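>>> Pasting the sequence and the predicted model now:
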Amino acid sequence: MAHQPGHHPLSSGQAPTRLEGVNPILRVRSLEASIDYYVRVLGFKVDWHDPTTMASVSRDRCGIMLCEGDQGNPGTWVWIGVDDADVLFREYSATGARIRLAPTNYPWGYEMHVEDTDGLVLRFGSDPRADRPFSAWVPWYRSASG
């Protein structure tokens, strides 16, 4: 039976499968260097690690898989929601994270950008700040740092 637009295929009473979360897979050049950065600098922990190919790191409810030389795409950006981008900015400034953009207020969120060892960008964002004006988004391909 073909799927009808506006009609969920399980509307016959069967509950749909619950989606549990998203764990992006990031392609890295060196698994060991990436694990070190995510743990030592970004405060993640190693969930599991296959030294030949892949590892999973997490912090609180945020999980990321790192894959050496396979899967994922160079230049990937990932959005990660946080309680307070300012608090994380202070933490990451102290640990030596590669901060690409300090917390900036946009209509969709108050966010900061951090690069990992491969130049992949982690966009950490909290709710927009009502007490600050919104900044204009500058596409990274037009900016001097992008």
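Received, thanks.
>>> What is the burial count for Ala85?
The tally of other residues near Ala85 (other CB atoms under 10 Å) stands at 23. Just so you know, the C-beta spots here come from the backbone N, C-alpha and C atoms, and that holds for glycine as well.
>>> again with Pro51
Other residues within reach of Pro51, judged by other CB under 10 Å, total 10.
>>> quick one, what contacts the closest residue to it other than its chain neighbours?
Excluding the flanking residues, the one nearest Pro51 by CB to CB, 6 or more residues apart in numbering is Leu31, at 7.2 Å. Taking CB atoms under 8 Å, 6 or more residues apart in numbering, we find Leu31 in contact with 49, 51, 53-55, 66-68.
>>> Need those in JSON lines (columns: distance to Tyr38).
What follows is those, written out as JSON lines (distance: CB to CB, whole Å):
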{"residue": "His49", "distance to Tyr38": "11"}
{"residue": "Pro51", "distance to Tyr38": "15"}
{"residue": "Thr53", "distance to Tyr38": "16"}
{"residue": "Met54", "distance to Tyr38": "13"}
{"residue": "Ala55", "distance to Tyr38": "9"}
{"residue": "Leu66", "distance to Tyr38": "7"}
{"residue": "Cys67", "distance to Tyr38": "13"}
{"residue": "Glu68", "distance to Tyr38": "13"}
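>>> By neighbours, which of these wins?
The most crowded member of those, judged by other CB under 10 Å, is Leu66 (31 neighbours).
>>> Among the contacts of Leu31, which lie within strands?
Using DSSP state E, the members of these that fall within strands are 49, 54-55, 66-68.
>>> Helices of the chain, start to end?
Taking DSSP state H as the test, the helices found in the chain are 31-36, 85-95.
>>> Out of those helices, which is closest to Thr76?
Closest to Thr76 of those is helix 31-36 (CB to CB; 12.8 Å).
>>> follow-up on the earlier one: need the worst-confidence member of the contacts of Leu31.
For the contacts of Leu31, the weakest pLDDT value sits at Pro51, with 88.
>>> In the protein, spot the strand with the most residues.
strand 98-106.
>>> follow-up on the earlier one: winner for burial among the helices of the chain?
helix 31-36 (a mean of 17; mean count of other CB atoms under 10 Å).
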